[in-house]
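Enquirer: next come a sequence and a model predicted from it.
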Amino acid sequence: MIDGARTLLPELRERVRRIERPAATAHGVSPFGVAAIDQTLPGGGLARGALHEIMGMGGDEEDGALAAAFAATIIGRLAASPTSPSHEGMVLWCLLRLDLYGPGLAAHGLDPERVVLVRTSRDAEILWAMEEGLRSPGIVAAVGEVGTLPAVASRRLQLAAERSGVTAFLLRRWREGGQAVRERALPNAAMTRWRVAALPSQPFRGEPGVGRLRWRIDLLRCRGGEPGCWEMEVPDATGHVSLAAALADRPAAPVAPEKLRRTG
Amino acid sequence: MPLADALSFVPGLATALAEPAEDAAALQRLAEWCGRYSPWTAPDEADGVRVEITGSAHLWGGERALAADLTARLVRRGVASRVAIADTIGAAWATARFAHAGDNIVILPSGELSAALAPLPVEALRLDPITVQGLRRVGLKQVGDLYAMPRDTLARRFGETVARRLDQALDYMPEPLSPLGEAPSRRVRLSFAEPITEPADLMRATERLTADLVQRLAREGTGARRLDLAFLRVDGRAERIRLGTARPSRDPRHLAALFKERLDTIDPCLGVEDMILAAFAVEPLPPEQIGLPGHAASVETRGIAPLLDRLGNKLGLDALSRLEARESHIPERASVRVPAGLPSPPSLRSGPSPTLRERGDPARSAGWMRAKPPRPIRLFDPPEPVEAFWLLPDDPPFRFTWRRRRHRMTRADGPERIADEWWQPGGSGAADAIRDYYRVEDEEGRRFWLFRSGFHGGDRAPRWFVHGVFS
């Protein structure tokens, strides 16, 4: 009787979770490998077959470098794990300006030869191309760099991702402040909403020069989970990037930068 | 006769400005419309159209039926015409313009060219007026008079054009017809008794045409790479949808879907009476293994080629590209964009493809990881100039202004010197070609890839640029 209860309880929990959050992790998850983040996300990792939104902060809103790097690390892990249904597929990357650099992608764990670049002239075309990619076999992830995102379009992308199991990423890039303010406030149907900001680097073993990369990663919104904020160290000594041990898991208090000397 | 004289003869004469360009364009459209009978059509000077109907006349029930259909449709359009069908272009041209026949359709029986052409005047040989005048002056007024003349005498006296035109008309010398545009490899046509305008009907017709074409391609074991679907409208204009595919295809659903996406660009106006689907480039395509019903076809067999087709046909094939590594120190040459779809990317190759790089496996994709100093994830082409301030010649700037924002440097790495590759053609060793790269971090933590172009102490101050942004 007790044995039955032991197996029955987890089963019931799973069923309740599935009722509460339908289709949240129907296609599985891709864990970050960092306990602090994985515990916050429902299912223990980033949901596959869903739409995720990544924003930058400050000047990065225009360049989208950190957002692209964050997406590259996630997709690199996604594409490498053999359990995803189309893990041998390509990555569709849709953008307005061709400024994505292959060696930079490789440094973050995404093989550039798996990327198909689609260059369009309008945001609406990017969203259309992403939707086509989400419905196609042979694609493991679709990335789109958009400025304006109508809520209806985000809903369509989320539904298409759920149906096919392909993970979709929206990188938000804005050229002007007014548009940024407007778009940031708009809600959309993404499963998770991230914001990545740069932090002053930590000197590497006391040596002068640019130290270890540090990012502040904010999970602004997560369907079925709690928001959170982490500071991550991104070692690039070997060129491979993995989200190593979190330095701290504390709310977003601004870190006062030490007075840094010019390198001599 | 000048216009003034004509007006004096007939005071109420209706006049209109001549518009030769519009007339030529209208003739071109008419020649395109005649494509419903055969793909080999061309405008003929200013007032005629040539159509090569060898091999297509039987589709209309014979030459006379084809000519009758043509004349009737032209009459409906308000165009008066005379149709002549003959073995050669020269004979048809001559008969259409100079034969005294009661009705508008003249068909010269095969093999009776010389008898039919003999009574026609020499103008019927497409000669210039001076030559015609010369021929008439010596008493050669009809084509039949020229038959007996020796060719070399004619050539000596009047130039070799006369002999050539005569030989072309009598089929002693070939004269091919150069058609408008490219000749298609395969063509299927659908004509409607009543002109159709509804998009649903157009789509159904497209699907039928695609199915017919695919059947023919399947019999031959080929696939189409370029397709042209022409809609011939009632008013004589033709609308077209042109498609290209990344790989030869004979999947009717895929091709019909590609057409369907562009169908809303077609304006049927008063109605479409014919649709012609032509395949221009066909390539051999072996039979494919399809999946059993209930099992999706594997990724290797389908791949992303249909997706590339859809994206490429809507956005243009040059919107798609892939990244390939190149051996080069120069950053913008180390990674190049190649058109997507060639050669087949790893996921499209059949057989076990190598899985994505394992962590810590440097042998895989070595071409990308060769650059030990870290490279940015965004690279600007061309590099963007910045205003920079520095203290000592070899120092990175302690302050710089980029895109109207000021950045203060807190940490920096460098310099990494990258010079132009003098061993490449077009490479120079000039001072401007040498760049010193610095990885600069500002007070917020953002990292930029700056370089200085040119040296201090030269005749020009060195310039600073932002080449990329790190993550």
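Expert: Alright, I've got the coordinates.

Enquirer: so residue B:205 sits right up against residue B:190, yeah?
Expert: Yes: taking C-beta atoms under 8 Å as the definition, residue B:205 is a contact partner of residue B:190 at 5.6 Å. All C-beta atoms are positioned from the backbone trio N, CA, C, and that covers glycine.

Enquirer: neighbour count winner among these two?
Expert: The neighbour comparison of residue B:205 against residue B:190 (other C-beta atoms under 10 Å in any protein chain shown) goes to residue B:205, with 19 against 15.

Enquirer: ok, that one to chain A distance?
Expert: Going from residue B:205 to chain A by C-beta to the nearest C-beta, to the nearest Å gives 25 Å.

Enquirer: give the contact list for residue A:58.
Expert: A:197, B:444, B:446 (C-beta atoms under 8 Å, 6 or more residues apart in numbering or on different chains).

Enquirer: mind redoing it with 7 Å?
Expert: Contact partners of residue A:58, counting by C-beta atoms under 7 Å, 6 or more residues apart in numbering or on different chains, are A:197, B:444.

Enquirer: can you classify it by secondary structure?
Expert: Three-state assignment for residue A:58 (DSSP: H, G, I helix; E, B strand; the rest coil): coil.

Enquirer: torsion angles phi and psi at it?
Expert: Note on residue A:58: its backbone torsions stand at phi 70, psi -140 [degrees, to the nearest 10].

Enquirer: pull out the buried positions in stretch B:462-469.
Expert: Buried residues in stretch B:462-469, counted by 16 or more other C-beta atoms under 10 Å in any protein chain shown: B:462, B:464, B:465, B:466, B:467, B:468, B:469.

Enquirer: low-confidence ranges in the chain?
Expert: Went with chain A since none was named. Scanning chain A with the threshold set as pLDDT under 70 gives A:1-3, A:18, A:20-25, A:81-87, A:204-206, A:235-264.

Enquirer: think we crossed wires, I meant chain B
Expert: Ranges of chain B meeting pLDDT under 70: B:101-102, B:286-303, B:340-372, B:422, B:424-432, B:456-459.

Enquirer: where do the helices sit along the stretch 1-150 of chain A?
Expert: A:2-20, A:35-40, A:60-63, A:65-80, A:102-107, A:123-134 (DSSP state H, counting those that start in this stretch).

Enquirer: the longest one: how far from the chain's middle?
Expert: Read it as helix A:2-20. 31 Å (C-alpha atoms, centre = their mean, to the nearest Å).

Enquirer: who does it touch, helix- and strand-wise?
Expert: Where contact means 3 or more C-beta pairs under 7 Å, 6 or more residues apart in numbering or on different chains; DSSP states H and E, helix A:2-20 is not packed against any helix or strand.

Enquirer: which residues of chain A fall in strands?
Expert: With DSSP state E applied, chain A shows strands at A:29-30, A:46-47, A:51-55, A:90-95, A:115-119, A:139-146, A:167-172, A:192-202, A:212-222, A:228-234, listed in chain order.

Enquirer: wait, residue B:452 touches residue B:464, no?
Expert: Yes: at 5.4 Å, residue B:452 counts as touching residue B:464 under the criterion of C-beta atoms under 7 Å.

Enquirer: ok, now how distant is residue A:221 from chain B?
Expert: The value you get for residue A:221 to chain B, if C-beta to the nearest C-beta is used, is 23 Å.

Enquirer: buried stuff in stretch B:173-190?
Expert: Neighbour counts over stretch B:173-190 (16+ other C-beta under 10 Å) mark B:179, B:180, B:184, B:186, B:187, B:188, B:189 as buried.

Enquirer: contacts for that stretch next, please.
Expert: For stretch B:173-190, contacts defined as C-beta under 7 Å, 6+ apart pick out B:31-32, B:36, B:39-42, B:50, B:52, B:88-90, B:164, B:167-168, B:205, B:208-209, B:212-213, B:216-217, B:274-280, B:282.
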